[in-house]
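Novice: What shape does this take:
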Amino acid sequence: MEVEIGLKQLRLSGMSRVWHSLSETRRIHELSFTDGMKLLLQGETDDRANRRFERLQKNAHFRYRASVAELNYDASRGLDKALISELATCRWIEKGESLLISGPTGVGKSTMATAMGTQACQMGFSVMYFNTQKLIARTKTERLEGNILKFFDKVANCKLLILDDFGLTNLQGQQQLDLLEIIEDRHGKTSTVVASQLPVGSWYELFADATVADALLDRLVHSAHKIELKGESLRKKL
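Specialist: Next up, the predicted model:
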């Protein structure tokens, strides 16, 4: 009991839980010091990993719940299982590469983006999820309050940024400049997922300024991984 209290006081909750379990089952008397210590250390490692995942997932503000393990690989969707397996390793995030997900309404673009974001949290990467229109509105608010540079820094330092529902409206004036600023700050250093119902080839038309369009898409599109989802709306099937 004294050991368990001491572990809690030291905030070693994983070790405390394992110690309590071993004491309850009386296994603690059957283990060598080395084996017991291994179990305690593993319990603390697992506990910290779980708490880190929960914290990162909460801070990401995902709109949906999804995981790579739950993805639908029906042949009609055009998903490359080998590509998904590779993306699930998150090596592309370590390299600062991006992922573009396109397809018609209801085929699971947001689910795919969220699954990749959840996997990133599981691997210990910080994630921010935004509906693109809400991100644009957020930059306007931050600018009015004088916090835009601080907000840009926060977004730039996030390991994975998810822009969902990209392309629902055209981008004008300061909107396109703010988005360019965000992508420019992240280019080659951190990763971005963009999910859109428009084909990637049509994104150029979303920008009022051709120069901004060239600059942004050059940084975002050419070296990115691409997933083009197909098939009927999953919502209709449900």
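Novice: Could you give the number of residues near Lys134?
Specialist: A count of nearby residues for Lys134, using other Cβ atoms under 10 Å, gives 13. C-beta: built from backbone N, CA, C; applies to glycine.
Novice: next helix or strand past the host helix or strand of it?
Specialist: Per DSSP states H and E: Lys134 is located in helix 132-144. Using DSSP H and E, the helix or strand that follows helix 132-144 towards the C-terminus is helix 148-157.
Novice: Which strands and helices lie in contact with the helix holding Lys134?
Specialist: On a contact count with 3 or more Cβ pairs under 8 Å, 6 or more residues apart in numbering; DSSP states H and E, helix 132-144 meets helix 148-157, strand 160-164, helix 173-186.
Novice: moving C-terminal of the strand or helix carrying Asp47, what's the next helix or strand?
Specialist: Element membership of Asp47, judged by DSSP H and E, is helix 33-60. Downstream of helix 33-60, the next assigned helix or strand under DSSP H and E is helix 81-87.
Novice: For the residue nearest in space to the middle of the chain, list the residues it contacts.
Specialist: In the chain, the centroid-proximal residue (Cα atoms, centre = their mean) is Gly117; its distance is 2.2 Å. For Gly117, the contacting residues are Ala60, Phe62, Val127, Tyr129, Leu160, Ile162, Val193, by Cβ atoms under 8 Å, 6 or more residues apart in numbering.
Novice: In this structure the last one contacts Leu163, no?
Specialist: Yes: in this structure Val193 lies within contact range of Leu163 using Cβ atoms under 8 Å: 6.9 Å.
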